[in-house]
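> predicted coordinates and the sequence they were generated for:
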Amino acid sequence: MNPYILTILLFAMGLGTTITFASSHWLLAWMGLEINTLAILPLMCQSHHPRAVEATIKYFLTQATAAAMLLFASITNAWITGQWNLEFMSYSLPTTLVTVALALKIGLAPLHAWMPEVLQGLDLTTGLILSTWQKLAPFCLLLQINPSNTSLLLILGLASTLVGGWGGLNQNQLRKILAYSSIAHLGWMILVLQFFPSLTLLTLLMYFVMTFSLFISFKVNNSTTINSLSMSWSKAPIISSMVPFILLSLGGLPPLSGFMPKWLILQELTKQSLAPLATLAALSALLSLYFYLRISYAMTLTMTPNILLNALPWRLPSNQHTLPLAITTSLTICLLPLTPAIITLLTL
Amino acid sequence: MMYMMYFLLFGLVLGLAAVASNPSPYFAALGLVVVAGIGCGVLIWHGGSFLSLILFLIYLGGMLVVFAYSAALAAEPYPEGWGSWPVLGLMLGYLLGVVSVGMLFSSSMYDESWMVCDEFGEFYFVRGDMEGVATLYSSGGFMLAMGVWVLLVTLFVVLELTRGMSRGTLRAV
């Protein structure tokens, strides 16, 4: 793409999120979300491939619907209460509608169906932007509204973790697996939103770090299916040896950093007398763990039958910029001992 | 007065059902014209005369004209309107749905009135909508600049999406 256009689009994406972050008026928050949607559209159909165009259209339609629902809810709230502030929504109908609209925006179950199809049509970098940056603005809004109904958020959260687990089980396309993993993690974030919002922020940031390292590892291997990952041990052996740790961190196993959000969320849910819910959420994490293990099995733990590569290839210096991958992989693996410091830093 | 409002809102629902039920863009856009015109009428009754004029000009006179031209380019040789039974059935179904939901949520026909009061929070000597537009240009100047910039970005996005013959994303026309 023309570098000037690329600059303008990336700047507009930053602008949209910044506007939503800085806003306390619903119209301004809506405006930021729309700018984000608008700016990512050309990035999504950069390759001009019909599959990418289809993903762009699906993304645009769902996000436009969510933004329209958000606008409708905020105008209803302004009609009833006479004010446009985010934090002072006191009636249940607009607040519920806003929650559902934001759930559609980020892809929570049962409003998740667009996510795997959209991610499948994109290349890995744009999919990464979609999974990480585009979630920041809606979460900022979700963190600020006071929820009308306790069970709505809990149902959205539990359904997302279960759908994210079961949906990813039969996939061999990596982008769809990443989409279902995103849905599951978003479910965990929403579960604890009304009890301890700092944990939502913590889970979000940890998810960003973990999924960044996974996306970039797949990108370095230039693979989008599990089958093509099986030869990555010869292309980039260090990455092949680190990816199982990233995957197990996404699955939430101690002593990796992915355990941190899950542990704290389960503790908070138990403190709120929601122990059965916590048990169900923990069991749903097992489902996700299965497909993470399957990827690491294909990539690292087994050597698939192929031509003998250990004697042949020229190990030429790679031109890939892997410093961000190195940083985020280290963070994904080693951050658990810093839990108290991180919680203190993120206390809202 | 109230009869006028009844009439306008009835036409609005009819037009919206027309937009939703027609598979052909010609008739759906015709329904949209009717809806936008009636919406402007309702807006005038609520005191926003300036805004209504602007809406009429820009929405109908600008965007809908462009939509009509692009619909004419992607021509449908045999458009289906209300003349064919499936479309008419869909239209009647939507109307039935709206009426039933309306009857579900309203207490009775005579409890509420459609009398419009053009009221404002505080005592002002200008109309609300014109004051709003003036505020956009004075203390809302930063938001105006933001709106201008976003429109420019929209232009770039649209141009990027429809770029050229084979480099573009949408079907080359």
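Structure's in. What do you need?
> in the stretch 201-348 of chain A, what residue is nearest chain B?
Per Cβ to the nearest Cβ, A:T224 is where the stretch 201-348 of chain A lies closest to chain B, at 20.8 Å. All C-beta atoms are positioned from the backbone trio N, CA, C, and that covers glycine.
> which residue is the nearest non-sequential neighbour of that residue?
The shortest distance from A:T224 to any non-neighbouring residue, by Cβ to Cβ, 6 or more residues apart in numbering or on different chains, is to A:L174 (5.3 Å).
> residue contacts, the one you found?
Neighbouring residues of A:L174 by Cβ atoms under 8 Å, 6 or more residues apart in numbering or on different chains: A:F218, A:S223, A:T224, A:T225, A:I226, A:L229, A:I295.
> help me confirm that the residue of the stretch 201-348 of chain A closest to chain B comes into contact with A:L124.
Yes. Checked against Cβ atoms under 8 Å, the pair A:T224 and A:L124 is within contact range at 7.2 Å.
> which neighbours do these two share?
When contacts are counted by Cβ under 8 Å, 6+ apart, A:T224 and A:L124 have A:R175, A:F218 as shared neighbours.
> what about the helices in the stretch 51-200 of chain A?
Using DSSP state H, counting those that start in this stretch, the helices of the stretch 51-200 of chain A run over A:92-106, A:114-120, A:124-144, A:150-167, A:174-191, A:197-221.
> can you tell me which of these is most buried?
Neighbour counts (mean count of other Cβ atoms under 10 Å in any protein chain shown) averaged over each of those peak at helix A:174-191, with a mean of 27.
> and the angle for that helix with helix A:197-221?
Relative orientation of helix A:174-191 versus helix A:197-221 (axes from the mean of the first three to the mean of the last three Cα atoms, to 10 degrees): 170 degrees.
> give me the low-pLDDT residue ranges for the stretch 51-200 of chain A?
Counting by pLDDT under 70, not a single residue of the stretch 51-200 of chain A qualifies.
> quick check: the gap between the residue of the stretch 201-348 of chain A closest to chain B and A:S234.
Remark: distance between A:T224 and A:S234 (Cβ to Cβ, to the nearest Å) = 18 Å.
> ok, those two, which is more surrounded?
Set A:T224 next to A:S234 and count neighbours by other Cβ atoms under 10 Å in any protein chain shown: A:T224 wins out with 20 against 17.
> buried residues, stretch A:80-96. List them.
By neighbour count with 16 or more other Cβ atoms under 10 Å in any protein chain shown, stretch A:80-96 contains the buried residues A:W84, A:L86, A:M89, A:P94, A:T95.
> out of those, who's nearest chain B?
Taking Cβ to the nearest Cβ as the measure, chain B lies nearest A:W84 of these, at 12.6 Å.
> residue contacts, that closest one?
Each residue near A:W84 by Cβ under 8 Å, 6+ apart is listed here: A:H25, A:W26, A:L27, A:S74, A:N77, A:A78.
> got TSV for the buried residues of stretch A:80-96, with distance to A:I343 too?
Listed next are the buried residues of stretch A:80-96 as TSV, based on distance: Cβ to Cβ, whole Å:
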residue	distance to A:I343
A:W84	33
A:L86	25
A:M89	28
A:P94	32
A:T95	28
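> residue of the stretch 51-200 of chain A nearest chain B, please.
Residue of the stretch 51-200 of chain A nearest chain B, by Cβ to the nearest Cβ: A:V53 (5.3 Å).
> get me the contact residues on the stretch 1-150 of chain A for chain B.
A:1, A:5, A:8-9, A:12, A:15, A:19, A:28, A:31, A:35, A:38-39, A:41-42, A:45, A:48, A:53, A:56, A:82 (Cβ under 8 Å from any Cβ of the partner chain).
> ok, the residue most central in space within chain B to chain A distance?
Closest residue to the average C-alpha location of chain B: B:A36 at 4.4 Å, with Cα atoms, centre = their mean. Using Cβ to the nearest Cβ, to the nearest Å, B:A36 is found at 16 Å from chain A.
> and the helix or strand that that residue is a member of, what's buried?
Following DSSP states H and E, one finds B:A36 within helix B:25-45. Buried positions in helix B:25-45, judged by neighbour count with 16+ other Cβ under 10 Å: B:25-32, B:34-45.
> what segments of chain B are strands?
Along chain B, counting by DSSP state E, no stretch forms strands.
> which positions in the worst-scoring helix or strand of it on mean pLDDT come out as buried?
Sorted by mean pLDDT, DSSP states H and E, the helices and strands of chain B end with helix B:128-137, the least confident at a mean of 84. Residues B:G128, B:D129 are the ones in helix B:128-137 that count as buried (16+ other Cβ under 10 Å).
> check stretch A:255-273 too.
The neighbour-count check on stretch A:255-273 (16+ other Cβ under 10 Å) flags A:L256, A:S257, A:G258, A:F259, A:M260, A:P261, A:K262, A:L264, A:I265, A:L266, A:E268, A:L269 as buried.
> for the third one, give me the pLDDT.
Turning to A:G258, the model gives it a pLDDT of 95.
> dump the residue contacts of it.
A:G258 touches A:M206, A:M210, A:L248, A:S249, A:L250, A:G251, A:G252, A:T332, counting by Cβ under 8 Å, 6+ apart.
> same deal with the first one?
Residues counted as contacts of A:L256 (Cβ under 8 Å, 6+ apart) are A:F245, A:L248, A:S249, A:T332, A:I333, A:L336.
> near the fourth one, how many other residues are there?
To tie it back to what came earlier, the one meant is A:T332. 25.
> tell me where chain B has helices.
Taking DSSP state H to define them, one finds helices in chain B at B:2-21, B:25-45, B:49-55, B:65-73, B:85-105, B:128-137, B:141-161.
> ranking those by mean pLDDT, which is last?
helix B:128-137 (a mean of 84).
> quick one: what helix or strand has A:R294 in it?
helix A:275-296.
> just the angle for that helix relative to helix A:150-167, thanks.
If you take the same axes, to 10 degrees, helix A:275-296 sits at 30 degrees to helix A:150-167.
> show me the contacts for the nearest residue to A:T95 once chain neighbours are set aside.
Closest residue in space to A:T95, ignoring its immediate chain neighbours: A:S148 at 3.8 Å, by Cβ to Cβ, 6+ apart. Counting by Cβ under 8 Å, 6+ apart, A:S148 touches A:M89, A:Y91, A:S92, A:T95, A:T96, A:T99.
> residues contacting A:Q194?
A:Q194 is in contact with A:P147, A:T150, A:L153, counting by Cβ under 8 Å, 6+ apart.
> pretty sure the first one contacts A:S92?
Put plainly, it is A:P147. No. Counting by Cβ under 8 Å, A:P147 does not reach A:S92; the two are 9.5 Å apart.
> alpha carbons only: can I get the host helix or strand of A:S240 in PDB?
In the assignment (DSSP H and E), A:S240 maps to helix A:237-251. Extracted in PDB, the C-alpha atoms of helix A:237-251 (Å, rounded to 0.1, in the frame of the first residue of the first chain):
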ATOM      1  CA  PRO A 237      14.400 -24.200  16.000                       C
ATOM      2  CA  ILE A 238      14.500 -21.700  18.900                       C
ATOM      3  CA  ILE A 239      11.000 -20.400  18.100                       C
ATOM      4  CA  SER A 240       9.800 -24.000  17.800                       C
ATOM      5  CA  SER A 241      11.100 -24.700  21.300                       C
ATOM      6  CA  MET A 242       9.500 -21.600  22.800                       C
ATOM      7  CA  VAL A 243       6.100 -21.800  21.200                       C
ATOM      8  CA  PRO A 244       4.900 -24.700  23.500                       C
ATOM      9  CA  PHE A 245       5.500 -22.400  26.400                       C
ATOM     10  CA  ILE A 246       3.600 -19.600  24.800                       C
ATOM     11  CA  LEU A 247       0.700 -22.000  24.100                       C
ATOM     12  CA  LEU A 248       0.700 -23.400  27.600                       C
ATOM     13  CA  SER A 249       0.800 -19.800  28.900                       C
ATOM     14  CA  LEU A 250      -2.300 -19.100  26.800                       C
ATOM     15  CA  GLY A 251      -3.800 -22.200  28.300                       C
END
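> now what about that helix, what contacts it?
Residues outside helix A:237-251 that contact it (Cβ under 8 Å, 6+ apart) are A:181, A:185, A:210-211, A:213-214, A:217, A:220-221, A:232-233, A:256-259, A:285, A:288-289, A:292-293, A:295-296, A:299-301, A:325, A:329, A:332-333.
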